[in-house]
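Asks: give me coordinates for this.
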Amino acid sequence: MTRLKTTELPAWREARIKANGGKCPLCLAPIKSPCADHDHDTGQMRDAICRSCNSGLGQIERAQSRFGIPNLAAFLHGAARYLQQHSTPQHGKYHPTHKSDEEKRLARNAKARKARA
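Replies: As a prediction, the model looks like this:
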């Protein structure tokens, strides 16, 4: 393995973006603001991803130790499966504090009426 020079980084990033068809490998959206992602523990370069995904991925990686997640890859695979499964209602119940858009609108209007009074 070789260490990239700082001057080589833009060309490496552009080559990775081209190899990925101009899309972020995480969110699959066109990359507008690219980052050269790397593993902070090992220093290994991973890929060029969009800036928002790079930020989110960093937060997830830091959360691993913060929340005591023993296997981050297994957790993320499980999270993807879990969220996919629950993308449609499974139990027919809402959380007690959830407000519908209509309930939020009514609350905003009540607050505005009270402020005007």
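
Asks: what segments of the protein are helices?
Replies: Remark: helices assigned in the chain by DSSP state H are 9-19, 51-67, 72-85, 101-116.

Asks: could I get those as TSV with mean pLDDT, mean neighbour count and distance to residue 45?
Replies: In short, each C-beta sits where N, CA and C put it, glycine included. Formatted as TSV, these follow (pLDDT from 0 to 100; neighbours: other Cβ atoms under 10 Å; distance: least, Cβ to Cβ, whole Å):
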stretch	mean pLDDT	mean neighbour count	distance to residue 45
helix 9-19	96	14	7
helix 51-67	93	13	13
helix 72-85	95	11	18
helix 101-116	96	9	44
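
Asks: possible to save those as CSV with distance to residue 37?
Replies: Shown next, in CSV, are these (distance: least, Cβ to Cβ, whole Å):
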stretch, distance to residue 37
helix 9-19, 9
helix 51-67, 5
helix 72-85, 15
helix 101-116, 36
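
Asks: closest to residue 29 out of the ones you listed?
Replies: Comparison of these against residue 29 by Cβ to Cβ identifies helix 51-67 as nearest, at 8.7 Å.

Asks: wait, residue 72 sits on residue 57?
Replies: No: the pair residue 72 and residue 57 does not pass the contact test of Cβ atoms under 8 Å, sitting 10.4 Å apart.

Asks: residue closest to the middle of the protein?
Replies: Residue closest to the mean C-alpha point of the chain, counted by Cα atoms, centre = their mean, is residue 56 at 4.3 Å.
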